[in-house]
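J.: Sequence first, predicted coordinates after that:
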Amino acid sequence: MISLDEFTKQLAAEFEDVDPNTITPNTNYREIKNWSSMYALIVIAFVDANFDVQLNADNLRNSQTIKDIYDIVIAKQAN
């Protein structure tokens, strides 16, 4: 598995019109400029394509930060 910093960097690159340097592991992703359900789908697709982990709506609803998503991915890969 990649590091939290690398995960954050790669995920930040998926967000259009957002300076990737403004995204950190502790960023509340719902506060990212122009956050919408489309970005939620982008996060889900990014995780599925890169880590073969399926996130669901509850995973996103129960998380707030990029680190929270990373932790979910790590936990699901361990199962």
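T.: Looks like it came in fine.
J.: Give me the next element, helix or strand, following the biggest helix by length in the chain.
T.: Counting residues, the longest helix in the chain under DSSP state H turns out to be helix 37-51. From helix 37-51 onward toward the C-terminus, using DSSP states H and E, the following helix or strand is helix 57-61.
J.: Export only the CA atoms of the helix or strand that that next one is followed by, formatted as PDB.
T.: Using DSSP H and E, the helix or strand that follows helix 57-61 in sequence is helix 66-78. What follows is helix 66-78, C-alpha atoms only, in PDB (Å, rounded to 0.1, in the frame of the first residue of the first chain):
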ATOM      1  CA  ILE A  66      -8.700  12.300   3.200                       C
ATOM      2  CA  LYS A  67      -7.000  10.300   6.000                       C
ATOM      3  CA  ASP A  68     -10.300   8.800   7.000                       C
ATOM      4  CA  ILE A  69     -10.800   7.500   3.400                       C
ATOM      5  CA  TYR A  70      -7.200   6.200   3.500                       C
ATOM      6  CA  ASP A  71      -7.900   4.300   6.700                       C
ATOM      7  CA  ILE A  72     -11.000   2.700   5.300                       C
ATOM      8  CA  VAL A  73      -9.000   1.600   2.200                       C
ATOM      9  CA  ILE A  74      -6.300   0.100   4.400                       C
ATOM     10  CA  ALA A  75      -8.900  -1.700   6.600                       C
ATOM     11  CA  LYS A  76     -10.800  -3.100   3.600                       C
ATOM     12  CA  GLN A  77      -7.500  -4.300   2.000                       C
ATOM     13  CA  ALA A  78      -6.700  -6.200   5.200                       C
END
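J.: Only the buried residues of helix 66-78, if you could.
T.: 66-70, 72-73 (16 or more other Cβ atoms under 10 Å). C-betas here are computed from N, CA, C, even on glycine.
J.: Surely Phe46 and Ala13 touch.
T.: No - the pair Phe46 / Ala13 is not scored as a contact, 9.3 Å apart, by Cβ atoms under 8 Å.
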